[in-house]
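Participant: Sequence first, then the predicted structure:
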Amino acid sequence: MGEMMSDELLRVENLHVSVEGTPILKGLNLTINRGEIHAIMGRNGAGKSTLASVIMGHPAYNITQGTIHYKGSNIEDMEVFERARDGMFLSFQYPAAIPGVQVGTFLRKSVASVRGEAPPPREFRKELKDAMENLSMDRSFLSRYVNQGFSGGEKKRLEILQLLLLQPDLALLDETDSGLDIDALRIVAEGINSVAQNTGCLIITHYQRLLDLVKPDVVHVLLDGKIVQSGGPELALKLENEGYDWVEALV
């Protein structure tokens, strides 16, 4: 078995993407192997969220050039739900409230739709219990309505709970990080760290502080639709301290 191929999860090559005719990504290259955590940093409007949405197959984004390979296949024609079934997970910056649907029901349904069949109730209860204990979440959470009256931290906890239950191959975490207190941040980080070994993770973040808790293998700087600089965790520190001007000067 070719070692390289078996570990490569995602390969984005020369990706150009536009929205309603406006180019957003302009020749982006990125490769993520299983077990790696990649962080993407960049100013607002650089194209970070666009990248996550395009990988997941959001229909509003038009790929004008380049390819996305996932597990060795070009996925351009795969629907969002097919990508989810094939092990992709995208967290949302602003998860919607779903009135009248309890968290427990929502989780069972989302697991069933991704796995293609409903998990046996007893097994699922055990999985859920273990995952919630991991995140030190109270059982009463399950009977609340999805995201109704949830704090930012509770929304993120729900997202990470989904992450633990779904155990995806590729996790796209479009973190706003903003508004998360240190406890919520720690829980998000613990969730990411606990799946990271068998998963490829792409974390989109504005802040160094999440990267203190989740150690990225590679940090990328996205500028005007391209990755212009990649490095280790020290790159994130430098950006935090010095901003993005020095990177622009290199381009």
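Facilitator: On my side now, so go ahead.

Participant: Return the set of residues that bridge with residue 18.
Facilitator: residue 23, residue 62 (DSSP bridges).

Participant: List the residues that contact it.
Facilitator: Counting by Cβ atoms under 8 Å, 6 or more residues apart in numbering, residue 18 makes contact with 24, 61-62, 64. Just so you know, the C-beta spots here come from the backbone N, C-alpha and C atoms, and that holds for glycine as well.

Participant: In ChimeraX, select just the buried ones from these.
Facilitator: Buried residues within these, by 16 or more other Cβ atoms under 10 Å, are selected in ChimeraX with:
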select :24,61
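
Participant: would a markdown table of the contacts of residue 18 with distance to residue 227 and pLDDT be doable?
Facilitator: Converted to a markdown table, the contacts of residue 18 look like this (distance: Cβ to Cβ, whole Å; pLDDT from 0 to 100):
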| residue | distance to residue 227 | pLDDT |
| --- | --- | --- |
| 24 | 14 | 96 |
| 61 | 17 | 93 |
| 62 | 20 | 93 |
| 64 | 18 | 97 |
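
Participant: CSV for the contacts of residue 18, including distance to residue 107?
Facilitator: Listed next are the contacts of residue 18 as CSV, based on distance: Cβ to Cβ, whole Å:
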residue, distance to residue 107
24, 33
61, 28
62, 33
64, 37
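
Participant: quick one: which of the contacts of residue 18 is nearest residue 233?
Facilitator: Checking those against residue 233 by Cβ to Cβ gives residue 24 as the nearest, at 27.0 Å.

Participant: just checking, that closest one touches residue 47?
Facilitator: Yes - the pair residue 24 and residue 47 passes the contact test of Cβ atoms under 8 Å, sitting 4.8 Å apart.

Participant: what do the two both touch?
Facilitator: Joint contacts of residue 24 and residue 47 (Cβ under 8 Å, 6+ apart) are 17, 225.

Participant: what's the first-to-last distance across stretch 54-66?
Facilitator: Start-to-end span of stretch 54-66 (Cα to Cα, to the nearest Å) is 12 Å.

Participant: contacts for that stretch?
Facilitator: With Cβ under 8 Å, 6+ apart as the criterion, stretch 54-66 contacts 10, 12-19, 23-25, 27-28, 50, 53, 68, 70, 75-76, 78-80, 82-83, 88, 90, 170, 172, 202.

Participant: Pull out the buried residues from the host helix or strand of residue 159.
Facilitator: Residue 159 is part of helix 152-166, with elements assigned from DSSP states H and E. For helix 152-166, burial by neighbour count (16+ other Cβ under 10 Å) applies to 153-166.
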